[in-house]
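Undergrad: the following block contains a protein sequence and its predicted model.
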Amino acid sequence: MANPDIGTVACPIEHGCTGRVRQYSRGSQKLYWVCKHGMITPNLEPGQQYIRDNMKPLDPEEQPEPERKPETEPKPKPKAKSWLSSLLEDDDE
């Protein structure tokens, strides 16, 4: 599952392209953006500063609610055959 969007930023690769800014949930907590050019991750401090300076934060109303996984009933596991029954059954039919 993708990290939640926290803002938008103008992509410097192409004029008019807007990327959705996200933050890594583990480890470094660095910012990155996703646009039609893929996932852009400027790891160095000047790149992180570009995102912080140019990011437009999303309003709380604009942020999508986290997707809820539908609860499914567990499927019963098929009963394992014993080695004796697998020898006696005819599987060639």
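TA: Received, thanks.
Undergrad: quick one: low-confidence parts of the protein?
TA: 1, 60-70, 90-93 (pLDDT under 70).
Undergrad: helices of that one, start to end?
TA: For the chain, the helices defined by DSSP state H occupy 45-54, 83-88.
Undergrad: who touches the longest one?
TA: Think helix 45-54. 9-10, 12, 21, 30-33, 42 (C-beta atoms under 8 Å, 6 or more residues apart in numbering). Heads up, the C-betas are built off the backbone N, CA and C, glycines and all.
Undergrad: who's in contact with the nearest residue to Gln23 once chain neighbours are set aside?
TA: Leaving aside its chain neighbours, Gln23 sits nearest to Leu31 (5.4 Å; criterion: C-beta to C-beta, 6 or more residues apart in numbering). Shown in contact with Leu31 (C-beta under 8 Å, 6+ apart): 21-24, 48, 51-52, 55.
Undergrad: what's the offset of stretch 22-33 from the middle of its chain?
TA: Its chain's average C-alpha position is 12 Å from that of stretch 22-33, according to C-alpha atoms, centre = their mean, to the nearest Å.
Undergrad: for it, buried residues please.
TA: Within stretch 22-33, the residues that count as buried by 16 or more other C-beta atoms under 10 Å are 22, 31-33.
Undergrad: surely Arg20 and Asn3 touch.
TA: No: under the criterion of C-beta atoms under 8 Å, Arg20 makes no contact with Asn3, lying 9.8 Å away.
Undergrad: okay, the two: which has more neighbours?
TA: Comparing Arg20 with Asn3 by other C-beta atoms under 10 Å, the one with more neighbours is Arg20, at 17 against 14.
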